[in-house]
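1. Here is my input; please provide its structure:
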Amino acid sequence: MLGKSQPLVGLDIGSSAVKLVHLSEKGGSYTLENFGIMELDPDAIVDGAVMDAGHVADAIRSLFASHKIRQKQVGISVSGNSLIVKKIYLPIMGEEELSESIAWEAEQYIPFEISDVHLDFHIMTGTDDATPNGQMPVLLVAAKKDRVSELVTLVEEAGLKPKVVDVDAFGLENIFCANFGVGEHITGLVNIGASATNINVLVDGMSAFTRDISMGGNRYTEEIQKGLNISFNEAERAKRGEMIEGIDNERVQTLVQEMNSEIAAEVGRTFDYFKTTVQASQINKVYLSGGAGKTLGLVHQVGERLGVPVEMLNPFENIQLSGSIDDDTVKDASPYLGVAAGLATRRVSDR
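-> Numbering: from 1, shown residues only. Coordinates of the predicted model:
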């Protein structure tokens, strides 16, 4: 029984890096025990598809070894076009009854063969103005089996034991609620990774709308690469603010601001769509996370587009740091660690 409550190590396998977070928990409070980031070769994972499993598995092994983490049980997550997250309305029934009928109920909402996906659901508490009489809101999640199997096999190849497969957007939701509680607000969580952006809108601390956008930090690099006719690596360095001989830094900043506008517009369209789907549509605040989220000027442009307060999410805002962790080091890394931190709140016994 004690083993079942053991915390997992959160392992976020992104397109540009693998990230880990190890939390301990006592009395409902979390402490950050360890964290780490290891960059991947640019072509190791492309648009969410693993192209070089050996390289990624080696990176995961090296990351765990370099941080001396002996815990082998991990939580991982999926996102992108292999995943469907949808709020649906079904006749009122118990969880056991729904678990028996969910495959049949889900067929009309899933654009994949039901036999090709893993299905899960969560019966949402309460109702909203859109809930028909005699029905209940249910959060439906479908992940393609081949994508999940690919990740599970990869993690096992690295010598680890995947115990929970979550969703990127829900991982960020978990760590947000661990820091700030549920509240009575509508909050937007925007995680901008290398190849994709995950958007999750929380109503009173519960996911009400999610969307993944195939746009992320790599688009900045690609635009700089094309605009200045330089290599991908040079463009990546320029994006990060390095001064490189022969490269016009003002032109780089112009291209960055243009991409900021494009991402802000896409995020804005997503929130505009959300507002058409619910009555209580005034978003109170938006938090950005992910490495691209801290791009110079992006927070400001997203705030201007949405007309609401926007700030970077610190996944360790109200989480204690163990004595071995340097505050400045974790502050620099925190934009990258939101999903991994959320996965680290999960337990071996979690469904």
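2. contacting residues around the closest residue to residue 52 other than its chain neighbours?
-> Using Cβ to Cβ, 6 or more residues apart in numbering and skipping residues adjacent in sequence, the residue nearest residue 52 is residue 44, 4.5 Å away. Where you see a C-beta, it was placed from the backbone N, CA and C, and this is true even at glycine. For residue 44, the contact set (Cβ atoms under 8 Å, 6 or more residues apart in numbering) comprises 50-52, 55-56, 59.
3. so which two of those residues are the farthest from each other?
-> 51 and 59 (13.3 Å; Cβ to Cβ).
4. Looking at those two, which is more packed in?
-> Between residue 51 and residue 59, residue 59 has the larger neighbour count (other Cβ atoms under 10 Å), namely 20 against 12.
5. all helices in the stretch 51-200 of the chain, in order from the N-terminus.
-> Under the criterion DSSP state H, counting those that start in this stretch, the stretch 51-200 of the chain contains helices at 53-66, 95-106, 145-157, 168-180.
6. now the first one: how far from the chain's centre is it?
-> Think helix 53-66. 21 Å (Cα atoms, centre = their mean, to the nearest Å).
7. repeat for the second one
-> Between the centre of helix 95-106 and the centre of its chain there are 27 Å (Cα atoms, centre = their mean).
8. Does anything pack onto that helix? Which helices or strands?
-> With contacts taken as 3 or more Cβ pairs under 8 Å, 6 or more residues apart in numbering; DSSP states H and E, helix 95-106 sits against strand 83-91, strand 117-123, strand 135-144.
9. how about the ones you listed, which one is nearest residue 308?
-> Closest among these, using Cβ to Cβ: strand 83-91, at 21.9 Å.
10. That closest one vs helix 145-157, what angle?
-> Strand 83-91 runs at 120 degrees relative to helix 145-157, counting by axes from the mean of the first three to the mean of the last three Cα atoms, to 10 degrees.
11. For strand 83-91, which helices and strands make contact with it?
-> Packed next to strand 83-91, using 3+ Cβ pairs under 8 Å, 6+ apart, are helix 95-106, strand 135-144, strand 206-213.
12. Pull the residues that contact the longest one.
-> Identification of contacts with helix 95-106 by Cβ under 8 Å, 6+ apart yields 88, 90, 93, 114, 119, 121, 123, 138, 140, 142.
13. Among those, which one lies nearest to residue 163?
-> Nearest to residue 163 among these, with distances taken as Cβ to Cβ, is residue 119, at 18.8 Å.
14. Residue 283 reaches residue 309, doesn't it?
-> No. Judged on Cβ atoms under 8 Å, residue 283 makes no contact with residue 309 at a distance of 9.6 Å.
15. These two: which is more packed in?
-> Ranked by neighbour count (other Cβ under 10 Å), residue 283 and residue 309 place residue 283 first, with 20 against 12.
16. and the more buried one, what element?
-> Under DSSP states H and E, no helix or strand contains residue 283.
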